[in-house]
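Novice: Below is the sequence, then the predicted model.
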Amino acid sequence: MLHWILRKIVGSKNQRELKKLWPVVQQINKLEQELQSKPESVLREKTAQWKAELAKLEDYREVQAYLNRILPEAFAVVKNGARRLSGRPLTVCDQPITWEMVHFDVQLIGGMALHYGKIAEMATGEGKTLVATLPLYLNGLTGRGVHIITVNDYLARRDAEWMGFLLQYLGLTVGCIQHDQSPPVRRHQYACDVTYGTNAEFGFDYLRDNGLAQSVDEQVQRGHWYAIVDEVDSVLIDEARTPLIISGPVKHDSQQYDRYKPMVERLVRQQGLLLNQIAGEAKALGDAGKHDATGDLLTKLKLGQPRHRALLRMMEEPEYRRALEKAELNFYVDPQKKALFALKEELYYSIDEKSHEADLMEKGRKFLSPDDPDAFVLPDLATAFADIDQNKGLSPEERLAAKEAVQAKMDVQAQRMHNISQLLRAYCLYERDVHYMVGAVHKEGEPAGEPKVIILDEHTGRPMPGRRWSDGLHQAVEAKEGVKIDKETQTLATITIQNYFRLYHKLGGMTGTAETEASEFHDIYKLDLLIIPTNRVVTRKDNNDKIYKTRREKYNAVITLIKERHEKGQPILVGTASVEASETLSRMMKLQKIPHQVLNAKNHRYEAEIVAGAGQRGAVTVSTNMAGRGTDIKLGAGVAELGGLFVIATERHEARRIDRQLRGRCARQGDPGESIFYISFEDALMMNFGAAERMTKLMERMGLEDGQELEHPWLNKSVESAQKRVEQRNYTYRKRTLEFDDVLNKQRTVIYSLRNEALTTEEPHAMVVEVIDEAIPAKVLGFLEVEDGTPDYDGLLQWINVTFPLRLSREEAALETRDAKGNAEWLTAKVKDVYGMKIASEHEEGIKELERYVMLTAIDRLWQEHLYNMDSLRDGVHLRSFAQKDPLVEYKAEAYDLFEVLMGNIRNEVLHNLFRSTTNLRGFEELLASLPRQFSGGGSEDDVDQPVAPPVAAPPPATRVGPIQMGGSGTITFSGGMPLRPKKTPEQGQGEARQGG
Ligand code: ADP
């Protein structure tokens, strides 16, 4: 009821919004009519005039106000341009076509929604590609660069060429980012008024520009003004779960998957034997008619391997299913889950299908390590530490050593357990050709490389080379498949899609389906939704869902239906939830001699062509849910009379949005069309979210025979409510991820702006001086204003002599004669003095780059280390949630502290490196020798052997990176081969002074 009222309100709000826009449509059309009688040149003149005026405006709000003012006329110019181009030939992706589009009224409305920073929901086939030209032109006039985000590289190129025809005709420049472009080419594309590309390309360019570029010349983007995201739900919701990461190899690799693989294999086999035995017992009971008694056995079987074949077969029979459900209910009802735990203890390990976790049980630990089952238990650190503290016989040093030993043991065990648990997941939860495939990545024109584990996109079944599961899972699967195990990697730069798109001043989006996720778009991106009416009335016939007991019965029914419609010649699009399901159906159709095309992992290159042919007479196309998105299916001749395209979906997706998307593939632009969903109780959605339970009862009450189906609007509702629950859960996950990422995002913003300043400033020297001014007093205070009251003069002196070539004796320094503030001032002056002399000895051309470089290396090295720490922190706080603390609160607090330390460390490292790199090695040595005794005499040799090869030229660029993986190493060396970093890098935290001299 509440929902209904809400919908009424939302619905009418949409109506009100639309009502405001219709008069503008009239105005645009009137202006466009006037333009029809003017000469062609008028359009480009308008463009030039607006561009010139907009170039004079600075303020974002002024610019927007100006754009709002000229909107009707600008849209009229675009529409008129489209009209004048009608009938003209052009080439798009090497195909000759003819321009034959003039904007419809509803498209003008869509264009306004995009300009005002909303999501325009427009059904498939409504021409969103063309809609975008309106706001692209209008906002492109600012010359600040408008980005339009497409789903893949192919569409970026297609749209840039197709729509670019119109935009260029009007006098704008249009660019397009493609995966294989070099930085100079990219920069050129970004310099255009309008740039097409995928979210990954835009996002990675941002990360490279701000996190990796070593000079301004390597940066390609020029700000984030306005972006339009096509298929906005796919980009901002589906892809938002995987952040963009640029990584490099880690220094120390902790993975030992090879070593543990044989152990885990034996363990899996052992559990397999046990499970087969359990399955046998259950079957025997069932055969004797005692189904009720099988509940515990089935629960155990499911805990041991949720995808156990015998279990799945038994689940086809309602008696077993009911017994399992009843038993599970009992186990889970107990808040302490004692009985459940006891049941798990009878297994070697247990698997949770929902949370994707694998747990090694006592029995498994004994099996793996009969002599020392504790090898797989984490020691209780707190108790161990307390014991050590209480041991009065130990000296403080011994105590420390004892604690370190416990800690080290803990690290080893934790690592081992982590390796084993990842391997178990790899063996029990990740199936080849469902979750991943093994194959060689084949780039055009290159020989095939060695076989790799390639993740398959869960929605489309598309292989995603280059993407890797994190946290060792990928290596575990590689070990399982016996392919080369890639090195663990370390994050060099990362951002979530959400936070990338939040960089833009203004954002607009388009999609066929956003309504079900409207609140998420609003809360996270401040994007409101406008549902645009279709150009023609939709005449699609949506049938009720058909529900079957088993997957087998469902598929049989689907094949019967396909056969029937195919014989009439009606084109059919069969949607599946996975590559596996596509293959099963394809096999079944082959048996029935039904000719068909399958769109899956193996032929995705021809995706667009296959989908485009799906509307021809007699075509049967099998495709995973989201494959081929963004390609419009046009009906062939005579197909309309046969009822148009028939969409048969073989499963309901977790998200209603994806289902609507599939339905929307037919009946475009007023075409006839029909859709239906087939469901079984074995589908993941039904199994995991309890919808099956209620319905099984219902089906039994109705005395359903094998092969019979259920169908009722009430059932559709029931399925929908299961979907809503999943949607809600997934939203919560994404929101949580974002809340965590927000913390890092703020830090990234600070670091990136600091880094950019170092990269672009004409006066790096000023930055260095600023560091000296800030870091020295902080350091001095750290030594002299200590809590217990004794200033550490010796420590300070030591630090001074290690960090700067001052070579001060205790008398010369006379630190005790000044207070802390006095010492800070005195030392700052002294350092500036000697630094001034150093600069005077440098090659003049090189000094700027040298100072820039000192800043950059400090920022990069420590920021990357910080990312690593933040990762660990994040893992760590989740463990603390057991202690009734909110992990997010803990994370925020500690992240703040870590960041403070980071900023301090960056300044200290800059100080430390100021005198350790030079553009003029000989000059520098001479300088040191010529300095008065206090500068050159005695002291540690630490400094003198440190001066390092000069970055006279700009340092070489970091290796270019692929979307996720990055080759090359993080250390930059110069031609001489000498690392620029000092041999002794300060450890994180303070204390570097104590290590020196
Ligand atoms: P969507 O992305 O909304 O599904 P597309 O942008 O792929 O739709 O366009 C669907 C089809 O409609 C394309 O073939 C396009 O040429 C055609 N089309 C779009 N707008 C118009 C128009 N105003 N007049 C004629 N054809 C149009």
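Specialist: Looks like it arrived, so ask away. Numbers count the residues shown, from 1 in each chain.
Novice: longest helix anywhere in the protein?
Specialist: The single longest helix within the chain, with elements called by DSSP state H, is helix 713-760.
Novice: what helix or strand is the residue lying farthest from the centre of the chain on?
Specialist: No residue in the chain sits farther from the centre than residue 811, which is 58.6 Å out by CA atoms, centre = their mean. Secondary structure assignment for residue 811, by DSSP states H and E: helix 810-813.
Novice: which helices and strands sit right next to that helix?
Specialist: Secondary-structure packing of helix 810-813 (3 or more CB pairs under 8 Å, 6 or more residues apart in numbering; DSSP states H and E): helix 793-803. Quick note: C-beta positions are derived from backbone N, CA and C, even for glycine.
Novice: buried stuff in the helix it packs on?
Specialist: Using 16 or more other CB atoms under 10 Å as the burial criterion, the residues of helix 793-803 that qualify are 793, 795, 796, 797, 798, 799, 800, 801, 802, 803.
Novice: same question, stretch 553-560
Specialist: When burial is assessed from 16+ other CB under 10 Å, stretch 553-560 yields the following buried residues: 553, 554, 555, 557, 558, 559.
Novice: continuing past the helix or strand where residue 283 lies, what's the next helix or strand?
Specialist: According to DSSP H and E, residue 283 maps onto helix 257-287. Next helix or strand after helix 257-287 toward the C-terminus (DSSP H and E): helix 295-304.
Novice: helices or strands up against that next one?
Specialist: Applying 3+ CB pairs under 8 Å, 6+ apart, one finds that helix 295-304 contacts helix 257-287, helix 309-314, helix 318-333, helix 338-345, strand 349-352.
Novice: Name whatever forms a beta bridge with residue 493.
Specialist: residue 246 (DSSP bridges).
Novice: State the distance from it to residue 872.
Specialist: Distance, residue 493 to residue 872, using CB to CB, to the nearest Å: 17 Å.
Novice: Neighbour count: the two, which is higher?
Specialist: When residue 493 and residue 872 are compared for neighbours, residue 493 comes out ahead with 25 against 9, by other CB atoms under 10 Å.
Novice: and the helices and strands packed on helix 295-304, which is most packed in?
Specialist: strand 349-352 (a mean of 22; mean count of other CB atoms under 10 Å).
Novice: which strands and helices sit next to that one?
Specialist: Using 3+ CB pairs under 8 Å, 6+ apart, the elements in contact with strand 349-352 are helix 295-304, strand 357-360, helix 396-428.
Novice: pLDDT on the strand or helix carrying residue 779, on average?
Specialist: Here residue 779, judged by DSSP H and E, is contained in helix 764-784. The average pLDDT for helix 764-784 rounds to 90.
Novice: Next: stretch 531-549.
Specialist: For stretch 531-549, the mean pLDDT works out to 90.
Novice: what about that stretch and the ligand, touching?
Specialist: No: using CB under 6 Å from any ligand atom, stretch 531-549 never reaches the ligand; the gap is at least 7.8 Å.
Novice: which parts of that stretch are buried?
Specialist: Applying 16+ other CB under 10 Å to stretch 531-549 flags 531, 532, 533, 534, 535, 540, 542, 545, 546, 547, 548, 549 as buried.
Novice: who's in contact with the fifth one?
Specialist: Residue 535 is in contact with 104, 105, 106, 107, 126, 127, 669, 670, counting by CB atoms under 8 Å, 6 or more residues apart in numbering.
Novice: tell me the contacts of residue 122?
Specialist: 106, 110, 128, 131, 510, 511, 512, 532, 534.
Novice: just to revisit the earlier point, now, which of the contacts of residue 535 lie close to the ligand?
Specialist: Applying CB under 6 Å from any ligand atom to those, those adjacent to the ligand are 104, 107, 126, 127.
Novice: What is the nearest of those residues to the ligand?
Specialist: residue 127 (2.5 Å; CB to the nearest ligand atom).
Novice: follow-up on the earlier one: give me the helices and strands touching the helix holding residue 283, please.
Specialist: Using 3+ CB pairs under 8 Å, 6+ apart, helix 257-287 sits against helix 295-304, helix 309-314, helix 318-333, helix 362-368, helix 396-428, helix 473-481.
Novice: Of all those, which one comes closest to the ligand?
Specialist: Taking the helices and strands packed on helix 257-287 one by one with CB to the nearest ligand atom, helix 473-481 is closest: 34.5 Å.
Novice: and the residue of the stretch 201-350 of the chain at minimum distance from the ligand, how many neighbours does it have?
Specialist: Going by CB to the nearest ligand atom, the ligand is nearest to residue 230 of the stretch 201-350 of the chain, at 7.4 Å. Using other CB under 10 Å, residue 230 has 25 other residues around it.
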